[in-house]
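S.K.: Here is my input; please provide its structure:
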Amino acid sequence: MAADSNAAAVERRNPQQFSAKLRDSSRTAILACLLAILCYLAAHVGGVGGILALGPDRLAPLWPGCAILLAVMLRQPKKRWPLLMVAGLAGFVLYDLSAGVSLRSIGLLILADTVEILVAAFGIRHRFEGPPDFNSIKSFARYSLFAVILGPLSGAFVGAAAFGRFYWANWTTSFLTEALALLTVTPAILSWLELTQSTSRRLRPSYYLEAGTLAGGLLLFGYVTLIYSASTSWPGVQYTILPFLLWAALGFGVRGVSTAMIVVAFLSIWGATHGRGPFIGSDPIHSVLSLQLFLIFAATPFMVLAVFAEEREQIHENLSRKLIEAHEQERTQIARELHDDICQRLAMLSLRIEKMTKGLQSGQMQFDGQLEQIRQQCSTVTADVQALSHELHPSMLDNLGLVIAVKSLCRDVAEQSGAEVDFTNANVPTSIPREVSLTLFRVIQQALQNSVKHSGAKHFEVRLEGKPGEIDLQVSDGGTGFDVASKKNGKGLGLVSMAERIRQANGTISIDSEPNMGTRIRARVPLARHSKAMVAEAN
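M.R.: Numbering: from 1, shown residues only. From the prediction side, this is the model:
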């Protein structure tokens, strides 16, 4: 009665909050029921004596139950984990009872699944705030450590004892069974859920056409390779599916390659259960192990390749966005400079000239040096416009060459900042491709701007040196320095812009800096054809 009265009081005080909690509880209960049904079906497919079971102990080479349960838990907050764990494990127990598994084996298998899921779930949640993302090698390595290695490793010690004999053989099979599922099934579920819940990304029709073509080709060649072919015919025929896995990894990322590996695993296991394909032999345990090792060593490198491809794509997208933002900021700065400075000064000059004109017409105007003041102001405006034009495009670079342009830039920086800029050059050819000279000039310009603004130093060194086939650049200071990794991941565009310019010129760049240890930027840019002759000419 007291509980009912408290609930009624809460409902009266805040009916919207009470309704939201009720809806949340209903969704959780529905999710738990669906999860129990899904785990029961997963056990029917890959459990003991399931559809895909092989060997004397009727074990499936791939056990999807824990992988599905872990994927659902990672998409939910921790407070729902106990209910979801109970629901999923209840589905496993119901199937094991219907399959005639002994109570002792059921207890050990449930304990093994519990240990595995808890180790994987808490380890992943400790390293990721939400569901794990697979867009970097570091994040994939963290996921693999807890989900693919530590979770199955800890659970296998308990689960292997459920079958009574051949403990270490069962341990190996159990570990590979769980690791294979967590390497493929869980990432596939998480990546597909992320795609369905993403409203900002709209896929083109060509994406679905390419995906359908890939799926059709993989199913066709997978059937011929893994089901139709016999174990003694067509040696190495199972490797004909590798081009499709490569296509999935580079074209569709983790989502594509994990889904493709599930298809390959299903076809290969289905063929083995029906006595067909390359993974059949007189020893069932050896057949299961060879099948698992094939799937593991096929999935791992292509998953890493897919993660690497997604990481590179994300880096390029972030870089493109930052460069677009930089261009817009530069345009805004130029517009502000023209409007607030140049235009205002020209307007003042126009007013003074208009005033002098009216004075001349009335005969009451006395010059008294005003024309000289107007001339000086015009000269100042002209110099500022030239400086602004020089920042947009250094005409000296086209007319006088890289060395003279860099020397002039260093002199201007020294005059404006009051610092000392030492410029040295050696064996720099006079005829350099415009793209190379512009790249080096912009990198030097950006490096000096960053040093003057952030280093706090009063002495900078710039060196250009021509070598056979390349030009080396070095910009250094003895200032405060910085942490390179944090700066690259920050919002600044200076380092990103320099790196992108050097990359587009097919060069290399290295940035060495530590707090209170100064900064040194080194870049190497290859020259075009006949560059060795150009350097020899300079020598």
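S.K.: per-residue pLDDT, the residue sitting nearest the centre point of the chain?
M.R.: In the chain, the residue lying closest to the centroid (C-alpha atoms, centre = their mean) is Glu311, at 3.2 Å. Per-residue confidence (pLDDT) for Glu311: 86.
S.K.: for the one 5 residues further on, same thing?
M.R.: Taken from the predicted model, the pLDDT recorded for His316 is 76.
S.K.: Relative to Gly47, how far out is it?
M.R.: Between His316 and Gly47 the distance is 44 Å, computed by C-beta to C-beta, to the nearest Å. Using the backbone N, CA and C atoms, a C-beta is placed for each residue, glycine as well.
S.K.: neighbour count winner among those two?
M.R.: A count of neighbours by other C-beta atoms under 10 Å puts Gly47 above the other of His316 and Gly47, at 27 against 11.
S.K.: and that one, what does it touch?
M.R.: By C-beta atoms under 8 Å, 6 or more residues apart in numbering, the contact list for Gly47 reads 53, 60, 63, 65, 92, 95-96, 99.
S.K.: now for those, which pair is the farthest apart?
M.R.: Farthest-apart pair in the contacts of Gly47 is Ala53 and Phe92; separation 14.6 Å (C-beta to C-beta).
S.K.: For the stretch 251-400 of the chain, give me the ranges with low pLDDT.
M.R.: 282, 320, 323-341, 355, 358-370, 386-395 (pLDDT under 70).
S.K.: Show me which of Ala53 and Phe92 is the more surrounded one.
M.R.: Remark: of Ala53 and Phe92, Phe92 carries more neighbours, 24 against 19, as counted by other C-beta under 10 Å.
S.K.: which one is that one nearest to, not counting chain neighbours?
M.R.: Closest residue to Phe92 apart from its sequence neighbours, by C-beta to C-beta, 6 or more residues apart in numbering: Ala43 at 5.2 Å.
S.K.: Give the rounded mean pLDDT of the host helix or strand of that neighbour.
M.R.: Secondary structure assignment for Ala43, by DSSP states H and E: helix 15-46. When pLDDT is averaged along helix 15-46, the result is 85.
S.K.: Would you indicate which residues of it are buried?
M.R.: Neighbour counts over helix 15-46 (16 or more other C-beta atoms under 10 Å) mark 28, 31-32, 35-36, 38-46 as buried.
S.K.: and if you look at stretch 507-516?
M.R.: Neighbour-count burial for stretch 507-516 flags 507, 509, 511, 513 (criterion: 16+ other C-beta under 10 Å).
S.K.: end to end, how far does it reach?
M.R.: 28 Å (C-alpha to C-alpha, to the nearest Å).
S.K.: Now find how far off-centre that stretch is within its chain.
M.R.: Distance, stretch centre to chain centre, for stretch 507-516: 22 Å (C-alpha atoms, centre = their mean, to the nearest Å).
S.K.: Show residues contacting that stretch.
M.R.: Stretch 507-516 has contacts (C-beta under 8 Å, 6+ apart) with 439, 443, 470, 480-484, 495, 498-499, 502-503, 519-526.
S.K.: let's see 10 Å
M.R.: The contact list for stretch 507-516, computed with C-beta atoms under 10 Å, 6 or more residues apart in numbering, reads 436, 439-440, 443, 447, 455, 470-473, 475-484, 487-488, 495, 498-503, 518-526.
S.K.: Give me the buried subset of these.
M.R.: Applying 16+ other C-beta under 10 Å to the contacts of stretch 507-516 flags 436, 439-440, 443, 447, 455, 470-473, 475-482, 487, 495, 498-502, 518-521, 523-525 as buried.
S.K.: In strands, which of those fall?
M.R.: 470-473, 475-477, 519-521, 523-525 (DSSP state E).
S.K.: Among those, which pair sits farthest apart?
M.R.: Glu470 and Asp477, at 23.7 Å, using C-beta to C-beta across those.
S.K.: Make sure the residue nearest to the centre of the chain is indeed in a strand.
M.R.: No - with DSSP: H, G, I helix; E, B strand; the rest coil as the criterion, Glu311 is assigned helix and is not in a strand.
S.K.: quick one: the closest residue to it other than its chain neighbours from Pro278, how far?
M.R.: Closest residue in space to Glu311, ignoring its immediate chain neighbours: Ser136 at 4.8 Å, by C-beta to C-beta, 6+ apart. Ser136 is 35 Å from Pro278, where distance means C-beta to C-beta.
S.K.: more crowded one of those two?
M.R.: Pro278 (25 against 15).
S.K.: Just the element for the more buried one, please.
M.R.: Applying DSSP H and E, one finds Pro278 in no helix or strand.
S.K.: Would you mind listing the two of the buried residues of stretch 507-516 that lie farthest apart?
M.R.: Within the buried residues of stretch 507-516, Gly507 and Ser513 form the most distant pair, 19.3 Å apart (C-beta to C-beta).
S.K.: where's Asp512, which helix or strand?
M.R.: strand 508-513.
S.K.: again with Gly466
M.R.: Assigned by DSSP H and E, Gly466 falls within strand 459-467.
S.K.: Show me where the stretch 301-450 of the chain has its strands.
M.R.: 420-426 (DSSP state E, counting those that start in this stretch).
S.K.: quick one, helices of it?
M.R.: Per DSSP state H, counting those that start in this stretch, the stretch 301-450 of the chain carries helices over the ranges 343-362, 370-392, 395-400, 402-417, 434-450.
S.K.: Reformat those helices into a markdown table and put distance to Ala248 next to each item.
M.R.: Shown next, in a markdown table, are these (distance: least, C-beta to C-beta, whole Å):
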| stretch | distance to Ala248 |
| --- | --- |
| helix 343-362 | 57 |
| helix 370-392 | 46 |
| helix 395-400 | 47 |
| helix 402-417 | 46 |
| helix 434-450 | 37 |
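S.K.: and those helices, which is most packed in?
M.R.: With neighbours defined as mean count of other C-beta atoms under 10 Å, the helices of the stretch 301-450 of the chain peak in mean count at helix 434-450, which reaches a mean of 20.
S.K.: Packing partners of that one?
M.R.: Judged by 3 or more C-beta pairs under 10 Å, 6 or more residues apart in numbering; DSSP states H and E, helix 434-450 is in contact with helix 395-400, helix 402-417, strand 459-467, strand 470-477, helix 494-504, strand 519-526.
S.K.: For the residue lying closest to Thr480 once chain neighbours are set aside, grab the count of nearby residues.
M.R.: Nearest residue to Thr480, sequence neighbours excluded (C-beta to C-beta, 6+ apart): Gly456, at 5.2 Å. By other C-beta under 10 Å, 12 other residues sit near Gly456.
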